[in-house]
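1. What would the 3D arrangement of this be:
(chains A and B)
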Amino acid sequence: NAGVTQTPKFRILKIGQSMTLQCTQDMNHNYMYWYRQDPGMGLKLIYYSVGAGITDKGEVPNGYNVSRSTTEDFPLRLELAAPSQTSVYFCASTETSGAFFGQGTRLTVV
Amino acid sequence: DAKTTQPPSMDCAEGRAANLPCNHSTISGNEYVYWYRQIHSQGPQYIIHGLKNNETNEMASLIITEDRKSSTLILPHATLRDTAVYYCIVRVEETSGSRLTFGEGTQLTVNP
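-> Next up is the predicted model:
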């Protein structure tokens, strides 16, 4: 049981490039979330999903897209990377007893 | 989800109890109180949650006032490794489909 796994751990992107942040959970949780955390700040919700085939916007969705074709996977897509998207990204899944977080992806856009 | 208010920072001596307060005066009857912590750049970690009654687990105790408008997270014997940002969240249970949103939390520093 690996919990929530995020890849990659680190990435440097050039402005305008695209990439997909991967998130996989093996706990059969229906609810999954993507957050970003800027230095010294709290977590901001980007997108979330309440089950396969269902996604919804969070507080800061602009510049991102998600999909949820399976219960296990919830990838986050950046289409045209901008310096403002430099941040640490966390994926999470939840059950009634609490949320489980991945270890994060540190993304730098230069 | 109800809004919460936490002090931005607190200090505690190693070995002493750390008592972290949270105000949630607009909490609804079906909303739980959840506590998470984030240790320097790691993913947040679930600590404990409760609805009405006080709760205790291997990590901490949660004391909820009778009117449910505030709560206190207690770390009974704080260690240096408990230095972290602690988040108090109130929401309908985790699998309700509602958003899981975080405030700014309390930075707890445990001093030797």
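
2. Could you check how many residues crowd around B:Leu73?
-> 25 (other CB atoms under 10 Å in any protein chain shown). Using the backbone N, CA and C atoms, a C-beta is placed for each residue, glycine as well.

3. quick one: low-confidence ranges for chain A?
-> Across chain A, the ranges flagged by pLDDT under 70 are A:1.

4. residues from it in reach of chain B?
-> Residues of chain A found near chain B, taking CB under 8 Å from any CB of the partner chain as the criterion, are A:4, A:30-31, A:33, A:35, A:41-43, A:45, A:48, A:50, A:58-59, A:88, A:90, A:92, A:94-104.

5. bridging residues for A:Gln6?
-> Per DSSP bridges, the residues bridged to A:Gln6 are A:Cys23.

6. One more: A:Leu45?
-> Counting by DSSP bridges, A:Leu45 is bridged to A:Tyr35.

7. separation between it and A:Ala82?
-> A:Leu45 is 19 Å from A:Ala82, where distance means CB to CB, to the nearest Å.

8. Next: A:Phe101.
-> For A:Phe101, the distance to A:Ala82 (CB to CB) stands at 25 Å.

9. Please apply the same query to B:Asp11.
-> Distance from B:Asp11 to A:Ala82, by CB to CB: 38 Å.

10. Over to B:Ile48?
-> 38 Å.

11. more neighbours, those two?
-> Set B:Ile48 next to A:Ala82 and count neighbours by other CB under 10 Å: B:Ile48 wins out with 20 against 12.

12. Wait, the more buried one touches B:Ile63, no?
-> No: counting by CB atoms under 8 Å, B:Ile48 stays clear of B:Ile63, with 10.6 Å between them.

13. In chain B, which residue is most central in space?
-> The centroid of chain B falls nearest to B:Trp35 when counting by CA atoms, centre = their mean (3.3 Å).

14. Help me confirm that that residue is found in a helix?
-> No: counting by DSSP: H, G, I helix; E, B strand; the rest coil, B:Trp35 is not found in a helix; it is strand.

15. contacting residues around it?
-> With contact taken as CB atoms under 8 Å, 6 or more residues apart in numbering or on different chains, B:Trp35 is in contact with B:20, B:22, B:46-49, B:60, B:62, B:73, B:86-89.

16. Leaving out the residues flanking it, which one is nearest to it?
-> B:Ile47 (4.4 Å; CB to CB, 6 or more residues apart in numbering or on different chains).

17. which residues touch whichever strand or helix holds that neighbour?
-> For B:Ile47, the element it lies in under DSSP states H and E is strand B:45-50. Here strand B:45-50 makes contact (CB under 8 Å, 6+ apart) with A:97-101, B:32-39, B:55-57, B:59-62, B:64, B:71, B:73, B:86.

18. So which of those residues sit within strands?
-> Members of the contacts of strand B:45-50 lying in strands (criterion: DSSP state E): A:98-101, B:32-38, B:55-56, B:61-62, B:64, B:71, B:73, B:86.

19. Just the pLDDT for B:Asp1.
-> With respect to pLDDT, B:Asp1 has a value of 61.

20. just curious, which of the contacts of B:Trp35 is nearest to chain A?
-> Comparing the contacts of B:Trp35 against chain A with CB to the nearest CB places B:Tyr46 closest, at 3.3 Å.
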